[in-house]
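Student: sharing a model that was predicted from the sequence below.
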Amino acid sequence: MKSFAKWYPVIAMIAIDMAFAISNILLKKIVNDGVDRLVFITYRQSISALFLSPLAFFLERGNRPKLTLSISCHLFVSAILGASVTQYLFLLGIEYTSATFSCAFLNMVPVFTFLMALPFRLETVNVKYGSGRAKVVGALVCLGGAILLTLYKGVPLFHFPGPESSVARSAGPRVEHVEGDQRWVIGSVALFAGTLCWSSWFLIQSNIGKKYPCQYSSTAIMAIFSAIQSAILSSSIDRELSIWILKRKSDIFVVLYAGIVGSGLCFVGMSWCVKKRGPVFTAAFSPLVQILAAMFDVPVLHEQLHLGSLLGSVIVIFGLYILLWGKDIEMQQKEDKEQLQEIPQEKKDQLEAEFQLVKISVEPERALANICSTRSV
């Protein structure tokens with residue numbers, strides 16, 4: 001059972017990525033319906049806070065540490081990086097490009113997380129060892145794929161009959177004046193910025209997990225902060241009350257799913273995985289979101305897939321798993337070293353004493369054998 005327990009974080013991250021892939025496809029629909037981005041984020045985070053607060057109260061009531069000013073500031077910044085700004089940038093990117101293309105940018109999250117973790121000593125690189133060289137090479141390959149993904153669009157790989165995909169169709173009155181490649185560039189820049197913010201969230205969450213190790217409580221507080229931030233921004237930009245009205249039943253379903261599952265259970269699961277296995281391990285599963293999203297996005301919704309997206313994603317994933325290979329070797333070496341250090345000193349002394357006893361008992365037998373051999377000669 002203990003050997004199977006080490007797979008719990010892996011199983012959790014696969015389930016989380018499946019939920020995120022479904023969420024990204026639903027988000028494409030809601031932005032095409034014309035729902036204001038900040039209004040959507042406010043509703044989403046409010047529902048997440050309402051859903052998680054009772055769970056946090058009952059499940060973590062006995063072991064919740066004191067909420068200090070320092071922890072509150074960390075959670076406020078976490079809300080900006082993990083929810084408010086990041087979700088706004090990804091919604092903008094999804095609206096201007098496609099759900100599959102936006103998921104492709106998630107492939108860069110592990111690399112950016114790894115590079116950002118180096119100055120804070122959350123990750124180390126020793127180029128004298130093969131594991132360190134693999135991490136450096138993997139990061140450089142991923143960076144090259146990320147640049148290709150951002151700057152090169154390429155030709156479309158599928159030709160769907162009938163109307164064009166939802167990217168080419170009307171995306172709401174806010175983007176009617178922006179067409180073609182210009183819209184794609186704006187979406188790419190927004191997704192790139194969102195990826196940087198998302199990578200930063202993993203690092204700050206690693207720090208929060210050490211100081212405030214209560215996943216339900218920390219996620220609920222983060223959701224409350226994010227809802228307040230988004231509501232203030234939305235009210236300052238557009239004071240029309242009509243933007244707060246959801247006109248379709250499907251939009252209400254998307255908001256509920258995104259709040260309960262996307263911003264609720266998924267963030268709780270990721271916070272737990274960051275605490276158990278670290279930020280780079282958790283971020284490493286991001287490429288799976290693109291694969292799962294493309295399984296629904298391309299054949300069902302007829303979203304277009306371009307050559308640049310495919311080539312860039314393949315290069316990023318290749319570099320990513322070179323990096324993870326080096327990371328895995330490094331973790332195995334670290335675990336072996338920790339196991340040796342965990343042996344109590346008394347046990348070491350006992351083993352040394354047993355060795356001396358064996359040595360003392362063997363030496364007379366060797367001496368007697370030498371005497372016998374001498375006499376026989």
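Tutor: Cool, the structure landed. Residues are numbered from 1 along each chain as shown.

Student: switch to C-alpha atoms for all contacts and neighbour counts from now on
Tutor: OK.

Student: pLDDT below threshold where in this structure?
Tutor: 1-4, 99-100, 103-104, 150, 159-181, 297-304, 336, 338-377 (pLDDT under 70).

Student: identify the residues contacting the residue most central in space within the chain.
Tutor: Ranked by distance to the mean C-alpha position of the chain (Cα atoms, centre = their mean), the top residue is residue 283 at 3.3 Å. For residue 283, the contacting residues are 109-110, 113, 199, 202, by Cα atoms under 8 Å, 6 or more residues apart in numbering.

Student: how close does residue 209 sit to residue 271?
Tutor: When Cα to Cα, to the nearest Å is the yardstick, residue 209 and residue 271 sit 7 Å from each other.

Student: okay, these two: which has more neighbours?
Tutor: residue 271 (25 against 19; other Cα atoms under 10 Å).

Student: for residue 209 and residue 271, list the residues in contact with both.
Tutor: residue 215.

Student: residues near residue 55, how many?
Tutor: Residue 55: 14 neighbours (other Cα under 10 Å).

Student: with residue 58 instead?
Tutor: 9.

Student: same check, this time on residue 102
Tutor: Count around residue 102 with other Cα under 10 Å applied: 29.

Student: confirm it sits in a helix?
Tutor: Yes. Counting by DSSP: H, G, I helix; E, B strand; the rest coil, residue 102 is part of a helix.

Student: isn't it right up against residue 96?
Tutor: No. Under the criterion of Cα atoms under 8 Å, residue 102 makes no contact with residue 96, lying 9.6 Å away.

Student: three-state assignment of residue 63?
Tutor: Residue 63 is classified as coil under three-state DSSP.

Student: residue 329: what's it in contact with?
Tutor: Here residue 329 is in contact with residue 131 (criterion: Cα under 8 Å, 6+ apart).

Student: what separates it from residue 320, distance-wise?
Tutor: 14 Å.

Student: also residue 142?
Tutor: Using Cα to Cα, which is the criterion applied here, residue 142 is 6 Å from residue 320.

Student: shared neighbours, these two?
Tutor: residue 111.

Student: more neighbours: which of these two?
Tutor: Neighbours per residue, other Cα under 10 Å: of residue 142 and residue 320, the larger number sits with residue 142, 30 against 27.

Student: how near is that one to residue 5?
Tutor: 30 Å.

Student: was I right about residue 9 contacting residue 273?
Tutor: Yes. Counting by Cα under 8 Å, residue 273 is a contact partner of residue 9 at 5.7 Å.

Student: more neighbours, those two?
Tutor: With neighbours defined as other Cα under 10 Å, residue 9 and residue 273 compare such that residue 273 has more, 22 against 19.

Student: find the helix or strand that that one is a member of.
Tutor: helix 266-277 (DSSP states H and E).

Student: and that helix, what's buried?
Tutor: 266-276 (16 or more other Cα atoms under 10 Å).

Student: run through the helices of the stretch 101-250 of the chain in chain order.
Tutor: Counting by DSSP state H, counting those that start in this stretch, one finds helices in the stretch 101-250 of the chain at the ranges 109-117, 130-151, 180-211, 215-237, 249-257.

Student: was I right about residue 134 contacting residue 320?
Tutor: No. Residue 134 lies out of contact with residue 320 (Cα under 8 Å); the separation is 10.1 Å.

Student: pretty sure residue 309 sits against residue 101.
Tutor: Yes. Look at residue 309 against residue 101 with Cα under 8 Å: they come within range, at 6.5 Å.

Student: buried ones in stretch 69-80, by neighbour count?
Tutor: Those would be 71-72, 74-80, for stretch 69-80 by 16+ other Cα under 10 Å.
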